[in-house]
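Novice: Following is a predicted model, sequence given first.
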Amino acid sequence: MMLLSALKLGTLLGTGSSPAQNSTRSISPNNSTSTSQFNLNHNSSGSLGSSTPISASTQPSVTTFKQSPTILNSGATLLDNTMPGGIPTPGTPNSKAKDNSHFVKIVVALYPFKAIEGGDLSLEKNAEYEVIDDSQEHWWKVKDALGNVGYIPSNYVKPKALLGLERYEWYVGDMSRQRAESLLKQGDKEGCFVVRKSSTKGLYTLSLHTKVPQSHVKHYHIKQNARGEYYLSEKHCCETIPDLVNYHRHNSGGLACRLKSSPCDRPVPPTAGLSHDKWEIHPHELILMEELGSGQFGVVRRGKWRGSIDTAVKMMKEGTMSEDDFIEEAKVMTKLQHPNLVQLYGVCSKHRPIYIVTEYMKHGSLLNYLRRHETTLIGNMGLLLDMCIQVSKGMAYLERHNYIHRDLAARNCLVGSENVVKVADFGLARYVLDDQYTSSGGTKFPIKWAPPEVLNYTRFSSKSDVWAYGVLMWEVFTCGKMPYGRLKNTEVVERVQRGIILEKPKSCAKEIYDVMKKCWSHGPEERPSFRILKEQLALVAQTLTD
């Protein structure tokens with residue numbers, strides 16, 4: 001009941017317009033063009049009382065000095081892992097700052113990176129680099145220990161002063177309970193574990209795979225006592241989380257078993273573009289492999305860029321899209337980067353047919369994934385909800401950057417390793433030339449995902465995306481059923497105009513269906529923003545798993 005009351009609060013439901021609603025721009029040069037279904041149909045081959053909370057996420061930025069104060073883009077500029085005034089990063093060992101710590105900005109590589117293009121610099125995991133230029137968001141110029149200088153992807157490093165648990169293999173950060181369980185079960189190893197941010201903000205959780213009495217994953221909240229020591233069992237307290245992990249490697253100390261190993265070979269994140277300032281890709285740099293899917297607009301094939309990076313290559317049929325306009329916008333789209341957006345690497349614009357090169361997602365479209373794994377997914381409400389939350393995070397990013405998707409549906413989301421779900425094909429519907437896709441009266445128009453204002457006036461906004469997101473949630477909780485069943489498009493339009501909405505899926509909790517219904521409010525201004533939806537669903541998930 002407390003949850004339901006909370007969900008009805010106006011501030012949580014956010015019925016007012018988001019700041020992005022009125023200023024939202026579509027990925028397009030022409031705001032009068034209507035939407036379409038843009039999809040090349042990827043298949044499965046595509047791509048442990050009470051405690052005092054310590055922040056598990058953000059830390060204050062540090063101003064560093066070079067004759068005059070300079071605030072750097074990414075925060076801290078210290079040579080050890082202390083905060084200003086010698087405050088250690090929560091849960092990590094403290095050390096004394098060096099006297100010359102205010103003169104250079106040092107970052108530590110979280111992932112390896114192989115430089116292929118001239119001007120880039122290879123990264124060795126855990127190695128330190130001096131930042132020379134961080135004026136660009138996604139690619140920084142750095143110098144290594146040997147004096148070599150070059151550009152590196154900024155999402156592959158973190159300022160040493162802010163580096164907390166990220167340096168440890170067993171720390172997975174903002175990973176949900178459901179994804180942690182899936183990851184740990186894959187190897188089926190006794191004692192395999194990870195430490196992650198808890199669903200309770202500011203806390204951490206240890207997730208541990210055990211085979212006693214049978215194979216399952218147990219979750220333990222990492223707590224703190226009045227002295228600030230960390231513990232899983234009050235009898236065994238440690239000064240830092242790494243010390244706690246090390247203790248339980250040698251002693252079970254109340255756990256189901258000792259901590260033995262962490263998952264290896266975890267995927268590295270995609271970069272914003274394949275290299276510094278590169279969005280145009282030459283066809284000869286691509287090795288085209290097996291076909292992943294095909295559709296109205298062409299074929300999707302798996303590819304390798306310079307024999308190194310897995311990609312998905314969309315080979316567009318000529319005459320199916322406004323190529324010049326799209327190519328111009330692609331320069332901007334390569335700079336959009338979020339863990340729940342499929343990364344656009346670039347395009348082959350000087351080649352016909354035009355190639356759109358994106359991040360490769362090994363399990364293909366969310367729609368096909370749901371249908372293939374229905375028997376194992378249908379009763380796992382937590383995992384299905386986590387998929388929806390991931391999509392809401394990606395969409396909240398687009399909303400914040402004033403981009404409209406225009407064709408959000410399960411078919412246009414992809415599934416990768418570790419049950420990661422990412423939004424794909426955002427904004428591409430803008431460039432489709434086929435009237436059957438772009439007109440609400442067209443036979444190929446995605447009527448079943450469209451709100452009244454789109455059906456009546458072809459008015460697209462972030463709030464029309466919210467309506468479509470509600471339908472996507474319905475798709476997820478029915479494991480890929482077709483919305484409105486076999487109803488014809490004209491019948492669907494009539495039902496939508498009359499305010500008749502989709503029924504609650506059998507495997508869906510009332511609290512989740514209430515969120516869907518809010519997405520289907522008749523007026524756009526009555527629908528919550530994606531920022532609010534993300535917070536709302538996180539609260540539901542926390543309640544369902546507690």
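Specialist: All right, it came through fine.
Novice: Quick test: name the residue nearest the centre of this protein.
Specialist: residue 340 (2.2 Å; Cα atoms, centre = their mean).
Novice: wait, doesn't it sit right on residue 419?
Specialist: No: look at residue 340 against residue 419 with Cβ atoms under 8 Å: they stay out of range, at 11.9 Å. All C-beta spots, glycine's among them, are computed from the backbone N, C-alpha and C.
Novice: Confirm that residue 111 sits in a helix.
Specialist: No: using DSSP: H, G, I helix; E, B strand; the rest coil, the assignment for residue 111 is coil, not a helix.
Novice: before we move on, the earlier item: what's the per-residue pLDDT of the residue nearest to the centre of the chain here?
Specialist: Residue 340 carries a pLDDT value of 97.
Novice: The closest residue to it other than its chain neighbours and residue 104, how far apart?
Specialist: Once flanking residues are discounted, residue 340 sits nearest to residue 394: 3.3 Å by Cβ to Cβ, 6 or more residues apart in numbering. From residue 394 across to residue 104, the span is 35 Å (Cβ to Cβ, to the nearest Å).
Novice: More neighbours: the two, which one.
Specialist: Set residue 394 next to residue 104 and count neighbours by other Cβ atoms under 10 Å: residue 394 wins out with 25 against 15.
Novice: That one belongs to a helix, doesn't it?
Specialist: Yes: according to three-state DSSP, residue 394 belongs to a helix.
Novice: what kind of secondary structure is the nearest residue to residue 408 once chain neighbours are set aside in?
Specialist: Nearest residue to residue 408 in three dimensions, chain neighbours excluded: residue 468, at 4.1 Å (Cβ to Cβ, 6+ apart). Here residue 468 takes the helix state, with states given by three-state DSSP.
Novice: mind listing what the residue nearest to residue 340 touches?
Specialist: 338-341, 422-423 (Cβ atoms under 8 Å, 6 or more residues apart in numbering).
Novice: and if you look at residue 187?
Specialist: 209, 263.
Novice: Mind jotting down where the helices sit in the stretch 151-300 of the chain?
Specialist: 177-187, 241-250 (DSSP state H, counting those that start in this stretch).
Novice: got the buried residues for the shortest one?
Specialist: Same thing as helix 241-250. The neighbour-count check on helix 241-250 (16 or more other Cβ atoms under 10 Å) flags 241-245, 247-248 as buried.
Novice: And for the first one?
Specialist: Under the neighbour-count criterion of 16+ other Cβ under 10 Å, helix 177-187 has 177-184 buried.
Novice: Relative to residue 287, which of the residues you listed is nearest.
Specialist: Set against residue 287, the nearest of the buried residues of helix 177-187 by Cβ to Cβ is residue 183 (29.8 Å).
Novice: Any regions of the protein where pLDDT drops low?
Specialist: Along the chain, the model assigns pLDDT under 70 to residues 1-103, 265, 296, 320, 429, 431-444, 546.
Novice: Domain map for it?
Specialist: Structurally, the chain divides into domains by automatic domain parsing as follows: 2-38+365-545, 64-165, 190-250, 283-359.
Novice: Let me know which of those domains is the nearest to residue 257.
Specialist: When the domains of the chain are compared for distance to residue 257 using Cβ to Cβ, the nearest one is domain 190-250, at 5.0 Å.
Novice: That closest one spans what distance, first to last residue?
Specialist: One end of domain 190-250 sits 14 Å from the other (Cα to Cα, to the nearest Å).
Novice: and what of stretch 247-264?
Specialist: Its start and end residues considered, stretch 247-264 measures 21 Å (Cα to Cα).
Novice: any idea how far it is from the chain center?
Specialist: 29 Å (Cα atoms, centre = their mean, to the nearest Å).
Novice: which parts of it are buried?
Specialist: Neighbour counts over stretch 247-264 (16+ other Cβ under 10 Å) mark 247-248, 252-253, 255-259, 262-263 as buried.
Novice: Please identify which pair of those lies farthest apart.
Specialist: So, these by Cβ to Cβ: farthest apart are 253 and 263, at 22.1 Å.
Novice: picking up where we left off before, distance-wise, check the residue nearest to residue 408 relative to residue 242.
Specialist: Look at residue 468 and residue 242: by Cβ to Cβ, they are 44 Å apart.
Novice: ditto for residue 307
Specialist: Separation of residue 307 from residue 242 (Cβ to Cβ): 38 Å.
Novice: did I read that right, residue 399 in a helix?
Specialist: Yes: per three-state DSSP, residue 399 lies within a helix segment.
Novice: measure it to residue 466 for me?
Specialist: If you go by Cβ to Cβ, the gap between residue 399 and residue 466 works out to 9 Å.
Novice: what's next to stretch 131-140, contact-wise?
Specialist: If you take Cβ under 8 Å, 6+ apart as the criterion, stretch 131-140 is touched by 72-74, 104-107, 141-143, 149, 151-155, 157, 271-273, 276-277, 335, 337.
Novice: In it, which residues are buried?
Specialist: For stretch 131-140, using 16+ other Cβ under 10 Å, the buried residues are 131, 134, 138-140.
Novice: Check the offset of it from the chain's centre.
Specialist: 22 Å.
Novice: Distance check, residue 163 against residue 145.
Specialist: Going from residue 163 to residue 145 by Cβ to Cβ gives 17 Å.
Novice: Between those two, tell me which one has more neighbours.
Specialist: The residue with more neighbours, out of residue 163 and residue 145, is residue 163; 22 against 10, by other Cβ under 10 Å.
Novice: Wait, residue 383 touches residue 418, no?
Specialist: No: checked against Cβ under 8 Å, the pair residue 383 and residue 418 is beyond contact range at 11.9 Å.
Novice: quick one, which of these two is more surrounded?
Specialist: Neighbour totals were compared for residue 383 and residue 418, and residue 383 leads with 19 against 15 (other Cβ under 10 Å).
Novice: Shouldn't that one be within a helix?
Specialist: Yes: when three-state DSSP is applied, residue 383 is found to be in a helix.
Novice: In contact with it, which residues are there?
Specialist: Shown in contact with residue 383 (Cβ under 8 Å, 6+ apart): 178, 182, 377, 419.
Novice: Same check on residue 272?
Specialist: With Cβ under 8 Å, 6+ apart, residue 272 has these contacts: 137-139, 153, 155, 334-337, 343.
Novice: How about it: what's its closest non-neighbour residue?
Specialist: Closest to residue 272 by Cβ to Cβ, 6+ apart is residue 138, at 3.7 Å.
Novice: Kindly tell me how buried residue 379 is, as a neighbour count.
Specialist: Residue 379: 9 surrounding residues under other Cβ under 10 Å.
Novice: same question, residue 448
Specialist: Other residues near residue 448 come to 20 when the count uses other Cβ under 10 Å.
Novice: and of the buried residues of stretch 247-264, the nearest to residue 311?
Specialist: For these, the minimum distance to residue 311 (Cβ to Cβ) is 24.6 Å, reached by residue 263.
Novice: residue contacts, the nearest residue to the closest one once chain neighbours are set aside?
Specialist: Once flanking residues are discounted, residue 263 sits nearest to residue 183: 5.5 Å by Cβ to Cβ, 6+ apart. Contacts for residue 183 (Cβ under 8 Å, 6+ apart) come out as 172, 175, 194, 263, 418.
Novice: circling back: overlap of the contact sets of residue 383 and residue 418?
Specialist: The contact sets of residue 383 and residue 418 overlap at residue 182 (Cβ under 8 Å, 6+ apart).
Novice: What does residue 541 show for phi and psi?
Specialist: According to degrees, to the nearest 10, the main-chain angles of residue 541 amount to phi -60, psi -40.
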